[in-house]
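[1] next come a sequence and a model predicted from it.
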Amino acid sequence: MPRRLLTYVLLMAILLPMQAKQKDSKEQFHGIDVSWYQKKINWDVTAQDKRITFAFIKATEGGRIQDANYRYNIENARRKGIKVGSYHFLRPETPAKQQFENFVARVKKNEQDLIPVIDIEDVPEMGVLWKPQQAKDFLKEMLDLVEKHFGCKPMIYTSNKFFTDYLGRAFANYPLFIARYGNVEPEPLNGTSWTLWQFTKSGRVDGIDHVVDLSRFNKGRSLASIAFPKAKPKGEPKSHKDKKKHHKDAKHEQKHKGSAKHKGAKKGDSKKDTAGDNHNKKDKKSVKKKISSETRKDNAAKGKSKKDKIVKDESPAKKSKKQSLNRAKKREQKKKNK
């Protein structure tokens, strides 16, 4: 076989699988991300493309910029049944706290189907150039604020190279949305997993008059992997741990109420018993007093009766003799006095 023909065969053996893989990626892509850059999107048409299951929509940038098409995009995409999420473009010249406040002022929790995304990357033409430690500090602060506000871990959007060179394993536990254009899947770090792969920035979709970023899920990932947490009914525990604590507190409260009720009953009984005792004591005292009074009357009556009996029992002779003795004593006493 001529050398030229052999070279052609080998080249085709390499290129054909790559083209097939690229075609396969584009055929089964899962979502898009959009901003004012795509101008006014006809969501009625775009939603008819069955390859689009989600759309991340730019909400804010830096400390003051709010995307002009955000409200239009999120309302109309949702209206057509496309799952939506919001993203913020992080800039190095504005404090992270100010950028967070800009983001939450624009993004409403009840309009989110997907977790929020923080976009961090170098864009020289926009004057966005990060220093490694600065990128780590800004991103970590922003992620913490967003997670506390929305109640879920945000996803980090960045390039394969930026993640490897600037962020590293310190952020490997966050959902990763990696941009790596071409046919080779992202490899941000050896062993680091990713959730979404933005494989092109030059996609074409009906209803959008401009090129658009196309993305797909990693194997084993789906919309459920990036779903925004549903709001819990008021009073319902948010996790298994909270649920266990909730039941424990309820049990303790019930026990406490029962104890208080029993204690109250005992206290009431005690008061009732005390009142009864006082009443009984009063009655006893009254009875005792009555008995004492009657006893005295009986004794007085008995004494009088005895005296009357003694007087009645004396004979006239004895009584006369006694009177004579008394008169004799009186005469003798007068003589002595003289």
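    Everything's here; your move. Numbers count the residues shown, from 1 in each chain.
[2] so where's this protein shaky on pLDDT?
    1-27, 233-322, 334-338 (pLDDT under 70).
[3] mind giving me the domain ranges of it?
    Following automatic domain parsing, one gets these domains for the chain: 24-231, 232-263, 278-338.
[4] which of these sits most buried?
    Of the domains of the chain, the one with the most neighbours on average (mean count of other CB atoms under 10 Å) is domain 24-231, at a mean of 17. Quick note: C-beta positions are derived from backbone N, CA and C, even for glycine.
[5] which strands and helices lie in contact with the helix or strand that Lys58 is a member of?
    Lys58 is part of strand 54-61 when elements are defined by DSSP states H and E. Counting contacts by 3 or more CB pairs under 8 Å, 6 or more residues apart in numbering; DSSP states H and E, strand 54-61 packs against strand 31-34, helix 70-79, strand 83-89, helix 96-106.
[6] of all those, which one is nearest Asp137?
    With CB to CB, the closest approach to Asp137 among the helices and strands packed on strand 54-61 belongs to helix 96-106: 7.9 Å.
[7] ok and that closest one relative to strand 54-61, angle-wise?
    Angle, helix 96-106 to strand 54-61, by axes from the mean of the first three to the mean of the last three CA atoms, to 10 degrees: 120 degrees.
[8] OK, contacts around Pro154?
    The contact partners of Pro154, by CB atoms under 8 Å, 6 or more residues apart in numbering, come to Ile115, Pro116, Val117, Ile118, Leu143, Val146, Glu147, Tyr174, Pro175.
[9] quick one: the closest residue to the second one other than its chain neighbours and Gly62, what's the gap?
    If I follow you right, that is Pro116. Leaving aside its chain neighbours, Pro116 sits nearest to Pro154 (4.7 Å; criterion: CB to CB, 6 or more residues apart in numbering). To Gly62, Pro154 is 17 Å away according to CB to CB, to the nearest Å.
[10] out of the contacts of Pro154, which sit inside strands?
    Val117, Ile118 (DSSP state E).
[11] ok, back up a step: hey, C-alpha coordinates of the strand holding Lys58 in PDB?
    The C-alpha trace of strand 54-61 is given here as PDB (Å, rounded to 0.1, in the frame of the first residue of the first chain):
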ATOM      1  CA  PHE A  54     -32.700  23.200  31.100                       C
ATOM      2  CA  ALA A  55     -31.400  26.800  30.800                       C
ATOM      3  CA  PHE A  56     -29.100  28.700  33.000                       C
ATOM      4  CA  ILE A  57     -29.800  32.400  32.700                       C
ATOM      5  CA  LYS A  58     -27.500  35.200  33.600                       C
ATOM      6  CA  ALA A  59     -28.900  37.400  36.400                       C
ATOM      7  CA  THR A  60     -26.000  39.700  37.500                       C
ATOM      8  CA  GLU A  61     -22.400  40.600  37.200                       C
END
